[in-house]
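**Student:** turn this into a model:
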Amino acid sequence: MWLEILFVFIATIAFGILFNVPTTAILFGSIAGTIGFTFLRLLPAYGVTTIFATVVASFFVAMMSHFLAKKFRAPVTIFIIPGIIPLVPGSKAYFTMLAFVEGNYLGGLELGIETMLQAGAIAAGLVFALSIYSFGKGIGLRYEPNR
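**Tutor:** Model prediction:
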């Protein structure tokens with residue numbers, strides 16, 4: 001497990017470099033991604049489904065990215081990009097296409113649905129964190145035209 005976590009950390013740094021993420025944000029985004037991946041790997045051992053573990057992991061990555069963006073006064077996407085990479089179900093998408101090419105349509109459909117659910121779980125975690133983080137931003141700033 002420790003070797004896998006080390007490789008995830010190195011891979012997130014590499015993706016950060018590939019996507020031209022600023023140097024200061026690569027390290028913190030990679031740490032967030034590594035911790036999110038650790039959640040993704042550990043939670044199913046405690047009886048949590050993979051989809052819910054993905055929601056929790058992406059929610060953690062997004063909350064940490066929002067916090068870091070506020071701390072460093074930088075856009076949140078430069079922290080989310082390397083942080084969310086380890087959660088993307090790339091191998092499942094590959095095996096989905098492989099099953100369809102080999103003629104195993106039922107297995108391909110099953111893997112495809114699982115892949116789409118996991119991708120939707122990533123999006124749900126990101127949106128949920130955004131809604132929580134920006135909950136009170138507009139309070140007190142309402143427009144009242146009759147004043």
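**Student:** which residues does the closest residue to Ala74 other than its chain neighbours contact?
**Tutor:** Distance criterion CB to CB, 6 or more residues apart in numbering; nearest residue to Ala74, sequence neighbours excluded, is Ala25 at 6.3 Å. The C-beta positions use only the backbone N, C-alpha and C, and glycine is treated the same way. By CB atoms under 8 Å, 6 or more residues apart in numbering, Ala25 lies in contact with 16, 68, 72, 74, 78-79, 82.
**Student:** could you list the low-pLDDT ranges of the protein?
**Tutor:** 136-147 (pLDDT under 70).
**Student:** please redo it, this time with the cut-off set to 90
**Tutor:** Within the chain, the stretches with pLDDT under 90 are 1, 16, 19-25, 29, 70, 81-82, 90, 131-147.
**Student:** could I get the full set of helices for it?
**Tutor:** 2-18, 23-42, 50-72, 77-84, 90-101, 105-133 (DSSP state H).
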